[in-house]
Each structure stands twice: as C-alpha cells, then as structure tokens.
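Q: Sequence and predicted structure are below.
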Amino acid sequence: LSRWFMSRTSAIPLGRYRHDFAATREILRSLQEGELVGMFPEGERSTLGRLQAPLPAAVKLLARLPYPVVPVGLSASSPVGPRGADRIRRRPVRVRIGPPIDLALSDPMQGVAAALRELVETDPQPVHLEGLPLDRLARVLWACPRCQEEASWSAERLRCDLCNASWDPS
C-alpha cells in the first residue's frame, strides 16, 4: 500500500542500506526547483518504537544544504504500521513541527537528534502489536529488548530463547 501511495506522490525512493547517489541528485534537483522535500533521517522504522539516531549520510546531506531544515516529529505512528504488519491500521498520530534548525552552529548529528527528541512525546513510543502474526513479528525483532543479544524467537509467543523473557503482543 505504501509503495502504491508513494508512486502517486512526488516521493523520491531511496536505497535502504546503502547511500543512493541517484536519489541524492534527485533531492538536490527538487530543492533547486523550489520543492519541499521531506526526509526520514533515521532511515527506517524502529521495531520497538524507539527514536533511532539519524543516519550519518542523511545528516551530512542536510548539513551541506543551503536551505532551512525544519524538523517534524511523528508521535504514536508505530501502531499505524509496525514492522511485520501486512496492512496499515487506523490509529491517531500526532505531528509536531519545530522551528528551523541551523546545522552550522553545532555538531549536525547532535543538532538533528536533539531537534527530533524535542518533538516526539515519549521515547520509546508505545507499540501495539495485537493482531499481528507472531511469525512475522519474530522476523523483525533482531535482538531481545531485555538481554540485547541476537535471539531466536518462538513463533507461538514472543519469548526469547536465550534469557527466557516473554511479552504479550498487546
């Protein structure tokens, strides 16, 4: 669904796990033409609703732009489309827009991270997993939230095989 939606907007798709030079050129061209460009500097959704550090390549690009950078924070968006979901769910989402930030005045990584932290209501954000197939969820949980080790998950329930931690999907 998101691919369909993005193809009907002026979204610029990015390569997920590597620097995408073609997308960077497209972003710069759009900005030079006066377009607004939205960017998710974290790269992808977190599994457990935590605010992730921005990607260095995204911050490097933002810091070099001669345009204002306006941070936007999304709160309560994890329940709408958590990783492992096969459909988008209707849930309220809060969008907060901060003042433009000047990345030349301080460390750009810290500046972007601090601006985003100020705009999200809670960290980690609540994640509601009810109704998701546990076998899909087990594929996106890379590490156990308790022991932080790479874990194998039982498909019948969310239970870490290493430390025996378990969770109720609700």
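A: Arrived safely. Numbers count the residues shown, from 1 in each chain.
Q: only C-alpha atoms for contact and neighbour calcs from this point on.
A: Noted.
Q: mind listing the helices for the protein?
A: Secondary structure of the chain by DSSP state H: the helices cover 2-7, 21-32, 56-64, 108-119, 134-140.
Q: Of all the ones you listed, which one is nearest Cys163?
A: Nearest to Cys163, of all the helices of the chain, is helix 134-140, at 15.6 Å by Cα to Cα.
Q: so where is this protein shaky, pLDDT-wise?
A: 1-2, 16, 48, 84, 127-142, 151-157, 168-170 (pLDDT under 70).
Q: which residue is nearest the centroid of it?
A: Centroid check for the chain by Cα atoms, centre = their mean gives Arg45 as the closest residue, at 3.3 Å.
Q: In contact with it, which residues are there?
A: Neighbouring residues of Arg45 by Cα atoms under 8 Å, 6 or more residues apart in numbering: Ser78, Pro82, Arg83.
Q: For these, give me CSV that also has distance to Leu28 and neighbour count.
A: Formatted as CSV, the contacts of Arg45 follow (distance: Cα to Cα, whole Å; neighbours: other Cα atoms under 10 Å):
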residue, distance to Leu28, neighbour count
Ser78, 29, 23
Pro82, 30, 23
Arg83, 30, 21
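Q: Strands of the chain, start to end?
A: 72-75, 94-97, 158-159, 166-167 (DSSP state E).
Q: Return the list of helices and strands in contact with the third one.
A: In this structure, strand 158-159 makes packing contacts with strand 166-167, judged by 3 or more Cα pairs under 8 Å, 6 or more residues apart in numbering; DSSP states H and E.
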